[in-house]
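*Asks:* Got a sequence here, can you model it:
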Amino acid sequence: VTGHICYGGRVTDDFDRRTLLCILGIYFNTDVLAKDGTGDYKDYAFSESGIYRPASIGNLDSHLEYFKSLPVVDEPEIFGM
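*Replies:* Prediction:
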């Protein structure tokens, strides 16, 4: 839905629209919020290397530490390439 609403009218080529929806599907899916048997969130990564993952529950310092650990230049894997 996000791809259709936010990008509607801006992506005019059908193949570009399909590509956009595939890439958004990496980030917007039920696995991101899946929980294990104990009620904790399962580990989920947006990339095969595990570098890119959703923010976890924690304090501000733990989030800042994670953000600082990210590469300055994004690897192609974050875009599914």
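
*Asks:* by contact count, what packs against whichever helix in the chain runs longest?
*Replies:* In the chain, with assignment by DSSP state H, the single longest helix is helix 14-27. Helix 14-27 sits against helix 2-6, with contacts defined as 3 or more CB pairs under 8 Å, 6 or more residues apart in numbering; DSSP states H and E. Using the backbone N, CA and C atoms, a C-beta is placed for each residue, glycine as well.

*Asks:* re the thing from before, could you tell me which residues within the longest helix of the chain count as buried?
*Replies:* Residues of helix 14-27 classed as buried by neighbour count (16 or more other CB atoms under 10 Å): Arg17, Leu20, Leu21, Leu24, Ile26.

*Asks:* before we move on, what about stretch 52-65?
*Replies:* For stretch 52-65, the buried set under the neighbour-count rule, 16+ other CB under 10 Å, comprises Tyr52.

*Asks:* May I have the residues that are in contact with Asp48?
*Replies:* Check again: residue 48 is Glu, not Asp. Contacts of Glu48 were listed using CB atoms under 8 Å, 6 or more residues apart in numbering, and they are Glu77.

*Asks:* Would you mind writing the CA trace of the longest helix of the chain as CSV?
*Replies:* Presented in CSV, the C-alpha positions along helix 14-27 are these (Å, rounded to 0.1, in the frame of the first residue of the first chain):
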residue,chain,number,x,y,z
ASP,A,14,5.3,-0.7,-14.8
PHE,A,15,8.7,-2.4,-14.4
ASP,A,16,9.9,0.5,-12.1
ARG,A,17,6.7,0.1,-10.0
ARG,A,18,7.2,-3.6,-9.7
THR,A,19,10.8,-3.1,-8.7
LEU,A,20,9.8,-0.4,-6.1
LEU,A,21,7.2,-2.7,-4.6
CYS,A,22,9.8,-5.6,-4.4
ILE,A,23,12.3,-3.4,-2.6
LEU,A,24,9.6,-2.0,-0.2
GLY,A,25,8.6,-5.6,0.5
ILE,A,26,12.0,-6.2,2.2
TYR,A,27,11.2,-3.5,4.8
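
*Asks:* Fine by me, we can end here.
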